[in-house]
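>>> Pasting the sequence and the predicted coordinates here, then a few questions.
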Amino acid sequence: MYIYKLKVDSMNSNTKNLLRRFLTTFRDITRLVDDLDLEGATANITRNISFKGPNVYILVAAIVIASVGLNVNSIPVIIGAMLISPLMGPIIGVGYAMGVNDMQTLRKAAKNLLIMVLFSLCASCFYFLVTPLSLENPSELLARTNPTIFDVLIALFGGFAGIIEISRKEKGSVFSGVAIATALMPPLCTCGYAISTGQWSYLIGALYLFFINSVFIALATFITVKHLHFPETSFSDPLRQRKVHRTISILTVILIIPSIYSAIVVTKENRISLRVNEFIKENKTLSHSYIYDHTINFHEKPAQVRIAIAGDALTETEKEVLYQSFEKHGLLRDQLIIQQNVADMENQGADKELFMSLFERNDQEISKREEHIARLEKELKAYREQTLPYEQILREILAQQPNIENFSIARGATVNPQTFLTEETIVAIIHWKEPLAAEESQKIEHWLKVRLGFNNLKLVQY
């Protein structure tokens, strides 16, 4: 018992030492203090808050470039605009100022951010008013009107990466990557497009996306500044210090609460979108019609899902099947709105032709698949017909001649060496325990030809 206790104590001691070494190694790897330059970071952040002189022209140029990129659906152009944009400076400045209780820097950063947003909206709105380019398929622009949980995560972790990059001694290219990932410019350009065309739903969605990006970048900066222990602003007047701390605390709560609320809302919307997509995938093609489009209206409570059906009108039974499938995915029956376009196509003109062409194309695809399946079934049938019933043939021969040691049968081909013409052949090889008379062997060969319905059959025996 004593020896067992010693072994257990020894194992516990080894485990503790191993865990201690692991934690020490982990702390050494993740240690930031030795690589930080907090004074340089403070100077960098304060300098980039400024919005005057060259920054004004750079921002306007970046907005126009991003607007052109959205206008022509060019991702490289949009990325270039995000790289040269100075918008990130004031947002990080807001998070930094709240982290160090610097009210003056906070006012300056918030003021400059507001001015930058107004300049951006004016520049993008002016561009979309005067541009001669049409916007037939604005997929990149529309992508900036519907925030998802991924936008929240990108903004949050982009903010962490950005402030850590600013704070370290050796600067790299991380900040450029953060500027691209967090995508602050495109939503503002989308807002300008929405204002210039009067599409207010785009404006709300794009502003919401810009708000989420800005808030979560500032929140990540605030958390990191607190964690890295940036030097806080000190005041000679204790009363003023308490007042500033109180104001900063209130602003911090105002920053965090919308962040949490936005994250919850976006997460719920993302969950609904995933369920709806699964529902659409399962029910894309119906008996004589199909779902060609769907939209989700999150402004309604609960969210409304509208599906557009092309083809024959659905029967009540088919509608009930759709409703049950919808409920199976955790959604409410009242959330589903089925829009059948067949009845409305009488007055839709070009839309009618579009829907009919889509439906005809779908019918053509189905016909091609059915032809392909029929061809494969024919080939499979031919293959099965070529397959020899080996086991059954052996049983039938054994019923006639049980003196069999071994039996093989195969389908092949005889090739003429002069003409290279081929002739299908079946070869049967039988090993008898005792040699079979020639007459009996010929009977077996004749029987095999009749049994298989194939004359070109050769029997080899030994």
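Sure thing, it's come through.
>>> Quickly note the distance from the residue nearest to the spatial centre of the chain to M88.
Relative to the mean C-alpha position of the chain, the nearest C-alpha, by Cα atoms, centre = their mean, is the one of F150, at 9.5 Å. For F150, the distance to M88 equals 19 Å [Cβ to Cβ, to the nearest Å]. In short, each C-beta sits where N, CA and C put it, glycine included.
>>> got it, and S167?
Distance from S167 to M88, by Cβ to Cβ: 15 Å.
>>> ditto for F128
Note on F128: its distance to M88, by Cβ to Cβ, is 24 Å.
>>> in the stretch 51-200 of the chain, which spans are helices?
With DSSP state H, counting those that start in this stretch, the ranges of helices along the stretch 51-200 of the chain come out as 54-71, 75-84, 88-100, 103-130, 139-142, 149-167, 174-182, 185-197, 200-227.
>>> Just give me the neighbour total for the nearest residue to L32 once chain neighbours are set aside.
What sits nearest to L32 in space, not counting adjacent residues and going by Cβ to Cβ, 6 or more residues apart in numbering, is L228, at 6.7 Å. Using other Cβ atoms under 10 Å, L228 has 16 other residues around it.
>>> tell me the contacts of L228?
Counting by Cβ atoms under 8 Å, 6 or more residues apart in numbering, L228 makes contact with L32, L36, L38, S167.
>>> Filter these down to the buried ones, PyMOL style.
Per 16 or more other Cβ atoms under 10 Å, the buried members of the contacts of L228 correspond to this PyMOL selection:
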select buried, resi 36+167
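>>> Looking at the contacts of L228, spot the one nearest K433.
Nearest to K433 among those: L32, at 86.6 Å, using Cβ to Cβ.
>>> my guess is the closest one contacts I164, does it?
Yes: if you go by Cβ atoms under 8 Å, L32 and I164 touch, sitting 7.4 Å apart.
>>> any idea how far the closest residue to D334 other than its chain neighbours is from A66?
Using Cβ to Cβ, 6+ apart and skipping residues adjacent in sequence, the residue nearest D334 is P302, 7.5 Å away. Remark: distance between P302 and A66 (Cβ to Cβ) = 35 Å.
>>> Between these two, tell me which one has more neighbours.
The residue with more neighbours, out of P302 and A66, is A66; 32 against 12, by other Cβ under 10 Å.
>>> quick one: that one and P186 touch, right?
Yes: counting by Cβ under 8 Å, P186 is a contact partner of A66 at 5.9 Å.
>>> Mind listing the shared neighbours of the two?
Contact criterion Cβ under 8 Å, 6+ apart; residues shared by A66 and P186: I78, M82.
>>> Where is the longest helix in this protein?
helix 238-282 (DSSP state H).
>>> And the next helix or strand after that one, what's buried?
Counting by DSSP states H and E, the next helix or strand C-terminal to helix 238-282 is strand 289-297. Judged by neighbour count (16+ other Cβ under 10 Å), strand 289-297 contains these buried residues: S289, Y290, I291, Y292, H294, I296.
>>> Please report phi then psi for I309.
Dihedral pair for I309: phi -110, psi 130, per degrees, to the nearest 10.
>>> wait, I meant D312
With angles defined as degrees, to the nearest 10, D312 sits at phi -70, psi 150.
>>> swap in the one 3 residues further on?
According to degrees, to the nearest 10, the main-chain angles of T315 amount to phi -80, psi 170.
>>> count of residues packed around it?
T315: 11 surrounding residues under other Cβ under 10 Å.
>>> now N277
13.
>>> got a pLDDT number for it?
Looking at N277, its pLDDT stands at 87.
>>> before we move on, back to that, quick one: which two of the contacts of L228 are the most distant?
Spatial extent of the contacts of L228 (Cβ to Cβ) is set by the pair L32 and L38 at 10.5 Å.
>>> which neighbours do those two share?
With Cβ under 8 Å, 6+ apart, L32 and L38 have common neighbours S167, L228.
>>> Pull out the buried positions in the helix or strand containing A43.
For A43, the host element (DSSP H and E) is helix 38-49. For helix 38-49, the neighbour count (16+ other Cβ under 10 Å) marks A41, T42, N44, I45, T46, N48, I49 as buried.
>>> now do stretch 46-66
Neighbour-count burial for stretch 46-66 [16+ other Cβ under 10 Å]: 46, 48-51, 55, 59-60, 62-66.
>>> Residues touching it, excluding its own?
By Cβ under 8 Å, 6+ apart, the surrounding residues in contact with stretch 46-66 are 77-78, 80-82, 84-90, 92-93, 105, 108-109, 112, 115-116, 119-120, 123-124, 127, 185-186, 188-189, 192.
>>> How far off centre is it?
From the chain centre to the centre of stretch 46-66 is a distance of 33 Å (Cα atoms, centre = their mean, to the nearest Å).
>>> shaky segments in the stretch 251-400 of the chain?
Low-confidence regions of the stretch 251-400 of the chain, defined by pLDDT under 70, span residues 255, 259, 341-364, 385.
>>> Try it again at 50.
Along the stretch 251-400 of the chain, segments meeting pLDDT under 50 span 342-350.
>>> coming back round to it: and the angle for the helix holding A43 with helix 149-167?
With axes from the mean of the first three to the mean of the last three Cα atoms, to 10 degrees applied, the angle from helix 38-49 to helix 149-167 works out at 120 degrees.
>>> C-alpha coordinates for helix 38-49, PDB please?
In PDB, the C-alpha atoms belonging to helix 38-49 read as follows (Å, rounded to 0.1, in the frame of the first residue of the first chain):
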ATOM      1  CA  LEU A  38       3.500  51.700 -26.100                       C
ATOM      2  CA  GLU A  39       4.900  55.300 -26.400                       C
ATOM      3  CA  GLY A  40       5.400  54.900 -30.100                       C
ATOM      4  CA  ALA A  41       1.900  53.300 -30.400                       C
ATOM      5  CA  THR A  42       0.300  56.300 -28.600                       C
ATOM      6  CA  ALA A  43       2.100  58.700 -30.900                       C
ATOM      7  CA  ASN A  44       1.100  56.700 -34.000                       C
ATOM      8  CA  ILE A  45      -2.600  56.500 -32.900                       C
ATOM      9  CA  THR A  46      -2.700  60.200 -32.100                       C
ATOM     10  CA  ARG A  47      -1.100  61.200 -35.400                       C
ATOM     11  CA  ASN A  48      -3.500  59.100 -37.500                       C
ATOM     12  CA  ILE A  49      -6.600  60.600 -35.800                       C
END
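>>> quick check: mean pLDDT across it?
Per-region confidence: helix 38-49 scores 85 on mean pLDDT.
>>> before we move on, the earlier item: ok, so of the buried residues of stretch 46-66, who is nearest R271?
Proximity of the buried residues of stretch 46-66 to R271 (Cβ to Cβ) peaks at A66, which lies at 30.8 Å.
>>> ok, and the closest non-adjacent residue to the closest one?
Closest residue to A66 apart from its sequence neighbours, by Cβ to Cβ, 6+ apart: A81 at 3.5 Å.
>>> If anything else comes up later, I'll come back, but that's it for now.
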